[in-house]
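In: here is my input, please return the structure:
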Amino acid sequence: MNRLWRVLLPELRRFPEPEQDQALRTARETPLDFIELASMALGFVAVTALTRHSLPDAAMSTRFGAMLLNFAVALPLLALALGPFHLRRLRRGLRRQLEKQGRP
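Out: Got it, this is the predicted structure:
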């Protein structure tokens with residue numbers, strides 16, 4: 001399993017090493033709550049607004065190049081805008097599993 005998950009999800013370290021992969025898979029099945037859904041929608045709209053471009057009367061190659069550049073800018077922005085809410089959901093799912101198992 002990727003070591004980065006253990007850094008980003010401190011709750012994951014409370015599971016024994018052999019159980020961590022399964023715990024993470026189960027946490028991924030946790031549904032998003034309203035705050036996460038609304039925040040992710042707002043983040044998506046904000047990134048879309050930031051990366052919109054308009055090129056009046058531009059050639060097809062110019063528009064294609066602008067689209068590729070736009071895509072390259074939008075991906076990291078989406079990761080920054082939406083990633084924290086995905087991590088929040090995973091942490092909530094891991095805490096719920098720990099509660100069910102009676103682990104402190």
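In: quick one: the helices in the chain?
Out: Assigned by DSSP state H, the helices in the chain fall at 3-8, 20-28, 34-50, 60-101.
In: for residue 14, find the nearest of these.
Out: Across the helices of the chain, residue 14 has its closest neighbour in helix 60-101 (6.0 Å, CB to CB). Heads up, the C-betas are built off the backbone N, CA and C, glycines and all.
In: quick one: list the elements packing against that closest one.
Out: helix 20-28, helix 34-50 (3 or more CB pairs under 8 Å, 6 or more residues apart in numbering; DSSP states H and E).
In: list the contacts of the residue nearest the centre of the chain.
Out: Geometric centre of the chain, nearest residue: residue 83, 2.8 Å, by CA atoms, centre = their mean. By CB atoms under 8 Å, 6 or more residues apart in numbering, residue 83 lies in contact with nothing.
In: that older thread, could you dump the helices of the chain to JSON lines with distance to residue 14?
Out: What follows is these, written out as JSON lines (distance: least, CB to CB, whole Å):
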{"stretch": "helix 3-8", "distance to residue 14": "10"}
{"stretch": "helix 20-28", "distance to residue 14": "9"}
{"stretch": "helix 34-50", "distance to residue 14": "22"}
{"stretch": "helix 60-101", "distance to residue 14": "6"}
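In: now these as CSV including mean pLDDT?
Out: Output for the helices of the chain, formatted as CSV (pLDDT from 0 to 100):
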stretch, mean pLDDT
helix 3-8, 87
helix 20-28, 94
helix 34-50, 94
helix 60-101, 91
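In: residue 4: which of the helices and strands packed on helix 60-101 is closest?
Out: Nearest of these to residue 4, taken as CB to CB: helix 20-28 at 11.6 Å.
In: can you list the residues that contact that closest one?
Out: Helix 20-28 is contacted from outside by 1, 5-6, 9, 12, 15, 89-94, 97, using CB under 8 Å, 6+ apart.
In: buried set for it?
Out: The neighbour-count check on helix 20-28 (16 or more other CB atoms under 10 Å) flags 20, 23, 24, 27 as buried.
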